[in-house]
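Q: I would like the atomic coordinates for the input below:
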Amino acid sequence: MAGIYWLISKVMLFWHTVWDSILPDHRVLSTNWQWVLAIVFLVITVRVVLFPIFVKQIKSQRAMQAIQPKMKELQEKHKGDRETLQKEVMKLYQEEKVNPLMGCLPMFLQIPVFIGLLHVLRHLRPGMSDHSMELYGWTKSEFLSAVDARLFDAPIVAKFSSSTAELLKIDASSTTVKIVAAILVALMITTTYLTQRQMIKKTGWNTDPQQRMIQKFMLYGIPFFTLTSGWYFPIGVIIYWVTNNAITLAQQYWVLHKYPPPASASTSNTPFKGGAKKAADVKQPSGFGALFAKAREDAAVQQRTNGKGAAKATGAKANGTAPEAAGPSRAPKPGAKPINPKKGGAAKRQSG
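A: Next comes the predicted model:
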């Protein structure tokens, strides 16, 4: 892992050098933006490197959607025989060259980066020896500058759970650290949930039970993990996580709108409030709006029906044919006098 720590340090120090040459030395809004932006651009660097894998992730998800009809057939055919179903599903994956794990690969590849940054920021502590300060390619001045770096007067190396003694060593206010950390943790949980919700809302739940379980873990499990563990992350790590989620949201939005899921991938089984979206993303009316919409639809159907009947009648007249009578004709015979039906004309006509 030392190689990862060294690589993460070098990328972050590179971006700090870049922004340090552009921005003023003093704090603005009680923030050392050189270090904050160094973490932000560390995320951007990682995402640029992983972009080809992200594209493969999207393609894998589309491939999984394409084989959903076959998956349903297998589930119906081998209902109750879980072992056979798993074998047939694996065989289907091999035949269609689909890797269900590809959907989680970008996240797994970012885990070492996250762990590396977490270790580096935890390593930034006051009172370290000169040798420790110079680990992973840092200089003593860079080390001390990072220890003193702040976001809205909260040190980026501090945590929500930092003790009073730890905060005194870096001259930080416990209240300020807790407020800034709490806001960032809330943003981390929200953006983590939204990144998964965005994808599932667009593509729908997977019909494969195992894949659906993975989707539910990604949607609910990871935000819960951030809720329980975010209080122990340094503020700099939470900045990394929030930035990464924001980029993921933007990236997914662009990909899903530029390359929308196939029409067959219905989202009718989405659990989110508001129901399913149709292919054109038209919202369905509810309440009185639904009643009015239903009435308009019925009127339109009746109008089309009447229109078709009128068209048939017009066509019959044009062809010189008349529709069949529902009962006996009351018209007089050729050459016969007109008969008044009130005076028993019908009976006279029959006797005549």
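Q: Where does the prediction get shaky in the stretch 201-350 of the chain?
A: Along the stretch 201-350 of the chain, the parts satisfying pLDDT under 70 run over 202-204, 206-208, 211, 259-350.
Q: Could you double-check that Val226 lies in contact with Leu184?
A: I think there's a mix-up here, since residue 226 is Thr and not Val. No: Thr226 lies out of contact with Leu184 (C-beta atoms under 8 Å); the separation is 10.6 Å. Every C-beta, even on glycine, is put in place using the N, C-alpha and C of the backbone.
Q: and stretch 81-92, C-alpha only, in CSV?
A: C-alpha atoms of stretch 81-92 as CSV (Å, rounded to 0.1, in the frame of the first residue of the first chain):
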residue,chain,number,x,y,z
ASP,A,81,-35.0,-24.9,-8.5
ARG,A,82,-32.5,-22.3,-7.4
GLU,A,83,-29.4,-24.4,-8.1
THR,A,84,-30.4,-25.1,-11.7
LEU,A,85,-31.5,-21.4,-12.2
GLN,A,86,-28.1,-20.2,-11.0
LYS,A,87,-26.3,-22.5,-13.5
GLU,A,88,-28.5,-21.4,-16.4
VAL,A,89,-28.0,-17.8,-15.5
MET,A,90,-24.2,-18.2,-15.5
LYS,A,91,-24.5,-20.0,-18.8
LEU,A,92,-26.5,-17.1,-20.2
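Q: Could I get the buried residue list for that stretch?
A: Buried residues in stretch 81-92, counted by 16 or more other C-beta atoms under 10 Å: 85, 88-89, 92.
Q: Chain neighbours aside, what residue packs nearest to Leu13?
A: Leaving aside its sequence neighbours, Leu13 sits nearest to Glu142 (C-beta to C-beta, 6 or more residues apart in numbering; 6.2 Å).
Q: which SS state does the one you found fall under?
A: Following DSSP: H, G, I helix; E, B strand; the rest coil, the label given to Glu142 is helix.
Q: Could you check how many residues crowd around it?
A: Residues near Glu142, counting by other C-beta atoms under 10 Å, number 20.
Q: Going forward, count from 193.
A: Understood, numbering begins at 193; the last thing we discussed is Glu334.
Q: Ile214 versus that one, what's the distance?
A: Distance of Glu334 to Ile214, given as C-beta to C-beta, to the nearest Å: 17 Å.
Q: Ok, Leu229 next?
A: 9 Å.
Q: Could you check which of the two has the larger neighbour count?
A: Using other C-beta under 10 Å as the criterion, Leu229 and Ile214 rank with Leu229 on top: 20 against 9.
Q: if I pick the residue nearest to the more buried one when sequence neighbours are not counted, what's in contact with it?
A: The shortest distance from Leu229 to any non-neighbouring residue, by C-beta to C-beta, 6+ apart, is to Trp211 (4.7 Å). Residues in contact with Trp211, defined by C-beta atoms under 8 Å, 6 or more residues apart in numbering, are 225-226, 229-230, 233.
Q: cool, and Trp198?
A: Here Trp198 is in contact with 328-329 (C-beta under 8 Å, 6+ apart).
Q: Let me know the helix or strand that it is in.
A: helix 194-212 (DSSP states H and E).
Q: Mind checking what helix or strand follows that helix in sequence?
A: helix 225-258.
Q: Would you mind checking which of the buried residues of stretch 273-284 is nearest to Trp423?
A: Closest approach to Trp423 among these (C-beta to C-beta): Val281, at 39.8 Å.
Q: if I read this right, the closest one contacts Lys264, doesn't it?
A: No: counting by C-beta under 8 Å, Val281 stays clear of Lys264, with 11.4 Å between them.
Q: How many residues are close by His305?
A: Actually, residue 305 is Val rather than His. 21.
Q: ok, now Ala255?
A: Neighbour count for Ala255, taken as other C-beta under 10 Å: 17.
Q: So it sits against Tyr285, correct?
A: No: at 9.4 Å, Ala255 and Tyr285 do not qualify as touching, with contact defined as C-beta under 8 Å.
Q: Would you map the helices across this protein?
A: 194-212, 225-258, 260-269, 274-288, 297-315, 322-325, 332-339, 356-361, 366-395, 401-408, 414-421, 427-450, 480-510, 537-543 (DSSP state H).
Q: Would you tell me which of those gets closest to His218?
A: Of the helices of the chain, nearest to His218 by C-beta to C-beta is helix 225-258, at 10.4 Å.
Q: Going by neighbour count, list what's buried in the closest one.
A: 225-235, 238-239, 242, 246, 249-250, 252-253, 255-257.
Q: how close does the nearest residue to Leu376 once chain neighbours are set aside get to Leu313?
A: Of all residues beyond its chain neighbours, the one nearest Leu376 is Ile430 (4.2 Å), with distances taken as C-beta to C-beta, 6+ apart. The gap separating Ile430 from Leu313 is 10 Å, by C-beta to C-beta.
Q: returning to that earlier point: turn the helices of the chain into a markdown table, columns for distance to Ala346.
A: Shown next, in a markdown table, are the helices of the chain (distance: least, C-beta to C-beta, whole Å):
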| stretch | distance to Ala346 |
| --- | --- |
| helix 194-212 | 18 |
| helix 225-258 | 11 |
| helix 260-269 | 47 |
| helix 274-288 | 48 |
| helix 297-315 | 13 |
| helix 322-325 | 22 |
| helix 332-339 | 13 |
| helix 356-361 | 10 |
| helix 366-395 | 4 |
| helix 401-408 | 34 |
| helix 414-421 | 18 |
| helix 427-450 | 6 |
| helix 480-510 | 48 |
| helix 537-543 | 103 |
